[in-house]
Every structure is written in structure tokens, then in C-alpha cells.
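Peer 1: sharing a model prediction with you, sequence too.
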Amino acid sequence: MHEMSLMVSMLEIIEDQARQEGFRRVTRVTLEIGQMAGVDPEAMRFAFEAGTLDSVAEGAELIIEETLGRARCPACGLEAPVEVFYEPCAACGQAPQEIIAGRAMRIVSLDVD
Amino acid sequence: MCTTCGCEDHAHAPHPKGESSGWFRRVSLERSLLEKNDAFAARNRRHFQERGILALNLVSSPGSGKTSLLVATLERLAGSRPVAVVEGDQQTSRDADRIRAAGAPAIQINTGKGCHLDAHGVEHAILDLAPEDGALVFIENVGNLVCPAPFDLGENHKVVILSVTEGEDKPLKYPDMFAAADLMLLNKVDLLPHVDFDEEACLGFAKRVNPSLDVIRTSARSGEGLQAWIDWILARSAALAR
């Protein structure tokens, strides 16, 4: 359940933006969570509901864009989808591969009033 | 931005009746949820680097024998090197009490509901402990193989402890942690004759997840491997001084 502390970090970023940009209410939060980031989207949704009460994001819609993992083989250069990062390269068997996508956890955008 | 169609300027024909056409603003951020932790971690790393301090982040499941192993390690290091210990647990100061009883300065961080240490909490503990230049700092994380993985504390190395009373397939089940570690201590090896732990399979799984992982077999009880572990620490500390 480190989703709860990620949630706290997210709220800090949102409150910080609210001060800078001068908005009072967030209606939608779009998050990008990589499938290999070790974050459970369902736990994130739960944490979001609980964590945004009495904040500028209370009642906001949460959109989670899940990005797929991608790896590049350091030996043969093949780029392919990957689910666990010790998966060997489908072409030459090299492991581990370099993960090039799917580990992000970030706020993409906020829709605000 | 139009709430009905998401367009940027409303030059097109009006939306059909009944659809509200309010306006909202979209703020693009692209900011990582870990940015604040990473900033504190970078500060800790700089602090350690400037003082020639070697910081190790010890991670494992609950019950792997981390604290006993650390106590045995500190007893062997006693007097030879300045040390400091940061203890993370959800509740109680029992671990820090054990460390202090072994003669090392220790600060307990109680994370409460938190399931991992973060770099900000560690910064405060380090400022309070004020380890000497060239010290060895041990950070014993909350017993948990999942949550501490993405939270950089500014350490030089993560050390993962796996005991032979656990399943040999843990490296495959919790690959993030084993991939992030530089050393695995296979602990409680004195119990191997009494448990069905497949050591060879375990090492195979660990190397599959992380081919460059060092492995040392240890037992706090029998003392096996403790010297090898201490040599590993001292070699890395000496490399910093160079």
C-alpha cells in the first residue's frame, strides 16, 4: 500500500500547482502509471478517494492511463513489449533487457476550474 | 477547453441542445509522483558523498533476521569504525533499543501506517545522528519486499536479506527489490539442514532477476559469512575514500 504515500505526494504537487496557477478546484486528474511501476491502479483509486477529501481535488475524476512495458535488448537491439523485467529477449535470449517504457508514475494533467 | 468536445477554441457550430458547454482549463504537468522523494534522496546522497559515508539500505520481508544480523555485524565492527543506524518500523523502538544495546548510535523512525521509509524521514534521522566522516550508515527499512523498492533514500547500495525459512522463489515473486539490490545476504543458513529450502534454485532465480547481484551466505547465530559480509562493506567504504 505505498499507493497511499504516492497519493500524498500527488496531492502536494496538486496543491502546489493550485497556488501557482490560481485554481480552486480540480475536476479531473490524469495519471500515467506504467504496468511495471509496481503500482496497483485499484489501490491508487482507493487512495485517491480517501486522500482527496477536503482538498482542491475532492470529487475529481481520476483517469489512469496504464502504459505497457517495453524493453530494448542490449545485445541485438530488438524492441518489444515486456511484462517482467527479467524476461529474456525473444530474438536472442539475452537477459536482462533495458526497460525503456512502463515504469513511469506521474501526473500528466489536471483539469481545473 | 470545451467540456463537451474538448476543443481548444469554440469556433465550430454550437453543440446540440441539452449538452452543457462549459469551459475548463487543462494544466499539463508531467510531474513524477516520486519527485519530492527523489529530491531528498539526492540531498542525502550528496551529504554522504561529501563526508565519505557509506550508506546501506537493508531491505527484506519481516522476520528475515535483519536486526539480529545487524546487531552481530555491529558487534564485530565495534570500535574499528564509526557507525550509525536508522531503524524503520511501523511501531515501537524495540529494534533501535537492540542496536543501542550493541553500542551503536541509532534513531528509530516509526512510519505509523507507512509501509516504507522515505528520503525525507531519513534526512532528519541522519541530521540528528550526525555520523562522523567516513562512517558506515545502516538504514534498516520496514520489513516489506514491495513498498520500499521505488523509494530511493540516497543510499550507496540496497542490500536484500532473504532467509532460508522463506520460499526460494521470492526473487521471482518480488523482482523489483532483487533487481534494485547490489547484494543479497542469504541468511539463517545454519537452519538449512532443517528446512526444505532449495538453495541452488534460489540463487538461480536471484541471478535471473539480477545477473550482477553479489551473494553472501550468512548466519547471525553461527557467525558464518559475517566476515565476508564485513569485508564486502569495508571494500565499498574504502572505494569511496579513494
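Peer 2: Yes, it's here.
Peer 1: ranges for the strands of chain A?
Peer 2: Secondary structure of chain A (DSSP state E): strands at A:26-34, A:61-67, A:70-72, A:79-81, A:98-101, A:105-112.
Peer 1: sheet-wise, list the partners of the third one with their directions.
Peer 2: Right, the one you point to is strand A:70-72. Applying DSSP bridges, strand A:70-72 is found paired with strand A:79-81 (antiparallel), strand A:98-101 (antiparallel).
Peer 1: may I see the buried residues of the last one?
Peer 2: Applying a neighbour-count criterion of 16 or more other C-beta atoms under 10 Å in any protein chain shown, the buried positions in strand A:98-101 are A:99, A:101. Where you see a C-beta, it was placed from the backbone N, CA and C, and this is true even at glycine.
Peer 1: do stretch B:104-113 and chain A meet at all?
Peer 2: Yes: on the criterion C-beta under 8 Å from any C-beta of the partner chain, stretch B:104-113 is in touch with chain A at residue B:113.
Peer 1: quick check, distance from that stretch to the centre of its chain.
Peer 2: Stretch B:104-113 sits 14 Å away from the centroid of its parent chain (C-alpha atoms, centre = their mean, to the nearest Å).
Peer 1: what about that stretch, start to end distance?
Peer 2: 27 Å (C-alpha to C-alpha, to the nearest Å).
Peer 1: mean confidence for that stretch?
Peer 2: Mean pLDDT, computed over stretch B:104-113, is 90.
Peer 1: what does that stretch rub up against?
Peer 2: A:4, B:74, B:83-93, B:95-96, B:99-100, B:117, B:121-122, B:125, B:128-129, B:131, B:142 (C-beta atoms under 8 Å, 6 or more residues apart in numbering or on different chains).
Peer 1: which of those residues fall in helices?
Peer 2: A:4, B:74, B:95, B:96, B:99, B:100, B:121, B:122, B:125, B:128, B:129 (DSSP state H).
Peer 1: what about the first one, neighbour count?
Peer 2: Under the neighbour criterion other C-beta atoms under 10 Å in any protein chain shown, residue A:4 is assigned a count of 17.
Peer 1: was I right about it contacting residue A:51?
Peer 2: Yes: between residue A:4 and residue A:51 there is a contact at 7.0 Å, judged by C-beta atoms under 8 Å.
Peer 1: count of neighbours near residue B:118?
Peer 2: 24.
Peer 1: look up how far chain A lies from it.
Peer 2: 7 Å (C-beta to the nearest C-beta, to the nearest Å).
Peer 1: repeat that for residue B:200.
Peer 2: For residue B:200, the distance to chain A - C-beta to the nearest C-beta - is 18 Å.
Peer 1: format the strands of chain A as CSV; extra columns: mean pLDDT.
Peer 2: Below are those laid out as CSV (pLDDT from 0 to 100):
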stretch, mean pLDDT
strand A:26-34, 96
strand A:61-67, 97
strand A:70-72, 94
strand A:79-81, 94
strand A:98-101, 92
strand A:105-112, 96
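Peer 1: and those: which comes nearest residue B:184?
Peer 2: With C-beta to C-beta, the closest approach to residue B:184 among the strands of chain A belongs to strand A:98-101: 20.7 Å.
Peer 1: identify the residues contacting the closest one?
Peer 2: Contacts of strand A:98-101 (C-beta under 8 Å, 6+ apart): A:34, A:36, A:67-74, A:79, A:82, A:85.
Peer 1: report the buried members of those.
Peer 2: A:34, A:36, A:69, A:70, A:71, A:72, A:73, A:82, A:85.
Peer 1: pick out whichever of these sits closest to chain B.
Peer 2: residue A:85 (6.4 Å; C-beta to the nearest C-beta).
Peer 1: need the pLDDT of that closest one.
Peer 2: 76.
Peer 1: gap between stretch B:149-162 and the chain center?
Peer 2: 3 Å.
Peer 1: follow-up on the earlier one: make CSV out of the strands of chain A and add distance to residue B:59.
Peer 2: Shown next, in CSV, are those (distance: least, C-beta to C-beta, whole Å):
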stretch, distance to residue B:59
strand A:26-34, 21
strand A:61-67, 26
strand A:70-72, 24
strand A:79-81, 29
strand A:98-101, 20
strand A:105-112, 19
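Peer 1: quick one: closest of those strands to residue B:229.
Peer 2: strand A:98-101 (29.9 Å).
Peer 1: outline the domain layout of chain B.
Peer 2: B:1-30, B:35-241 (automatic domain parsing).
Peer 1: what about the first one, how long is it end to end?
Peer 2: What that stands for is domain B:1-30. 19 Å.
Peer 1: and for stretch A:82-93?
Peer 2: First residue to last in stretch A:82-93 (C-alpha to C-alpha) measures 13 Å.
Peer 1: same thing with stretch B:160-177?
Peer 2: End-to-end distance (C-alpha to C-alpha), stretch B:160-177: 7 Å.
Peer 1: also stretch A:20-38?
Peer 2: Stretch A:20-38 has an end-to-end distance of 31 Å (criterion: C-alpha to C-alpha).
Peer 1: what is the three-state secondary structure of the residue in chain B that chain A sits nearest to?
Peer 2: Closest to chain A within chain B is residue B:147: 3.8 Å, counting by C-beta to the nearest C-beta. Counting by DSSP: H, G, I helix; E, B strand; the rest coil, the backbone at residue B:147 sits in coil.
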